[in-house]
Structures are given as C-alpha cells and as structure tokens.
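Asks: build me a structure from this.
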Amino acid sequence: MAKIIAVTSGKGGTGKSTICAGLGYTLAKQGHRTLIIELDFGLRCLDIMFGMENDIKSDLGDVLRGEKQALDAIGQVPMASNLNLLCAPKTLTSVTAEQIVEICRSIKKYFEYIIIDTGAGINSHVFNIVEQANLILVVTTPDPVCIRDASLMSDEFYNRGNKSQRLIINKIDKKIIGEALVNNLDEIIDKIGVQLIGVIPNDFKMTVATGKGHPIPTDSMALRAFDAISKRLLGEYIPLTVKTS
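Replies: As a prediction, the model looks like this:
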C-alpha cells in the first residue's frame with residue numbers, strides 16, 4: 001500500500017510544486033511507482049513542468065464530479081515511466097478532505113508513493129487533508145515571512161497530533177545565507193522546529209527544465225538534492241551537503 005506524503009507550506013511561492021515534481025521524478029527514476037495528486041485548484045502547473053500540458057484529457061475535477069474514476073483520470077508522465085500525475089482542475093472546484101482520502105484509498109494499492117501537492121495557506125481545509133498523510137514535508141525558503149508561516153503551520157500540525165514532519169528548505173543561495181536574510185540554516189531549523197530532511201539550491205538548469213517540460217539534466221544541483229531527499233525518505237543514510245551556485 002502506498003505511503004502518502006503531503007507537501008505543504010504556509011505561504012505561496014515557496015516552490016512547493018517544484019518540490020513535488022523533483023521528489024516524484026527521483027522516486028520514479030529509482031524504480032518506485034509514484035503518483036502526484038495536485039490540489040492547487042485553478043493554479044495547476046505540474047502538467048507544464050512534465051511536458052504534458054496538451055496531453056491532459058481528464059483531471060481531479062472530473063473525479064470529484066463523478067465523471068471519471070480516479071485511475072482513469074491519471075496520466076503517465078512521459079519522462080519517467082513509473083511516475084503518474086492527477087492534475088488539479090483549471091478552475092476552482094469545491095473539495096473536502098474526505099473526498100481526497102477516499103480517492104487515495106481507492107488507488108493506493110497501485111502505487112508505492114502518493115505525493116499530495118496541497119494548496120498553500122494556513123486554513124482548516126489544508127490541515128484536514130494533510131493530517132491524513134503518513135509524512136508531512138513542510139517547505140520553506142530563507143525568507144523570514146515564509147519561515148514564520150512554516151512555523152505556525154508546523155505548530156498546528158503538532159497540536160493536531162501530526163508529529164511525522166520533516167523540513168525542506170528551498171531556493172537556497174549563497175548570497176542569502178550569511179549575508180542577506182539569515183545567518184545560517186540552523187537559524188531556520190530552530191525557528192520552525194522541524195527536523196531537516198533536505199536543502200534545495202537555486203538552480204537555473206532546474207528552472208529551465210521545468211519551465212519547458214523537459215527532463216531535469218543529470219548535472220543539475222537541484223536534481224542531486226532531490227535524489228538525496230528521496231533516498232532519505234526510503235531510510236537510506238545520505239549525508240547532508242549544501243552546494244549553492
């Protein structure tokens with residue numbers, strides 16, 4: 001049965017969808033049957049990142065309206081044979097946590113990992129969906145507003161009994177750490193209070209690849225970071241190294 005991983009953040013713009021794409025891509029490349037469910041209703045982007053924009057025939061909206069079964073609405077990602085995507089609808093659609101739980105229940109036997117790309121924001125809707133996950137990945141950037149929002153969100157998860165949390169710090173740049181916004185990574189970890197599982201550097205190659213819907217280049221620093229995180233998710237010991245451009 002699939003392990004459900006919720007990727008969430010307290011603020012938009014943290015790169016949450018890119019995190020989902022990178023982790024899904026590397027897990028699939030390692031041979032694991034992986035599904036990404038995108039919940040950013042009206043703001044979907046993963047179809048573009050995976051070069052599938054013109055190939056999506058059905059999406060989560062069709063499933064919620066009862067027009068499609070979940071498995072029939074899932075698309076296979078061309079660049080990674082083990083990776084599948086259930087796109088968010090292009091328009092705003094009402095959804096309940098119970099509906100997402102039921103969708104996951106109906107298809108989890110077909111996958112090893114289900115990654116849920118939640119909508120950003122601190123609201124009960126997100127909390128109700130995310131608390132069903134086996135693991136919560138809280139995403140932040142070095143921006144002080146993002147750090148504070150991530151801390152508030154993590155505290156609420158803990159208050160609700162969701163103790164299985166890990167932190168991903170995204171968009172790391174050597175100009176930011178130690179000079180501009182924060183002194184070091186430990187400062188971010190201490191303020192949020194969640195164990196770190198990985199750091200993603202700013203990477204122009206990754207930005208271009210996802211913007212064009214191309215496979216991530218093998219020499220991408222971000223890809224190496226995603227590969228390390230996915231292996232840590234599997235229980236492997238991978239030392240944390242931070243390389244920035």
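
Asks: the bottom helix or strand of the protein by mean pLDDT?
Replies: In the chain, the helix or strand scored least confidently by mean pLDDT, DSSP states H and E is helix 124-130, which has a mean of 73.

Asks: helices or strands up against that one?
Replies: With contacts taken as 3 or more C-beta pairs under 8 Å, 6 or more residues apart in numbering; DSSP states H and E, helix 124-130 sits against strand 3-8, helix 97-107, helix 144-159. Heads up, the C-betas are built off the backbone N, CA and C, glycines and all.

Asks: can you name every helix or strand that the very next helix or strand once past the last one contacts?
Replies: Same thing as helix 144-159. Counting by DSSP states H and E, the next helix or strand C-terminal to helix 144-159 is strand 165-172. The contact analysis (3+ C-beta pairs under 8 Å, 6+ apart) places strand 165-172 against helix 16-29, strand 135-140, helix 144-159, helix 185-192, strand 196-201.

Asks: at 6 Å what do you get?
Replies: Under the contact criterion of 3 or more C-beta pairs under 6 Å, 6 or more residues apart in numbering; DSSP states H and E, strand 165-172 touches strand 135-140, strand 196-201.

Asks: show residues contacting that strand.
Replies: 14-15, 19, 136-141, 157, 188, 192, 194-202, 244 (C-beta atoms under 6 Å, 6 or more residues apart in numbering).

Asks: mind listing what's buried in that strand?
Replies: Of all the residues in strand 165-172, those buried under the rule 16 or more other C-beta atoms under 10 Å are 165-172.

Asks: ok and that strand relative to helix 16-29, angle-wise?
Replies: Strand 165-172 runs at 110 degrees relative to helix 16-29, counting by axes from the mean of the first three to the mean of the last three C-alpha atoms, to 10 degrees.

Asks: as TSV, the buried residues of strand 165-172 with distance to E98 would be great.
Replies: Shown next, in TSV, are the buried residues of strand 165-172 (distance: C-beta to C-beta, whole Å):
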residue	distance to E98
Q165	23
R166	26
L167	28
I168	28
I169	32
N170	30
K171	34
I172	37
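
Asks: which regions of this protein lie under the pLDDT threshold?
Replies: 42, 92, 120-125, 174-183, 241-245 (pLDDT under 70).
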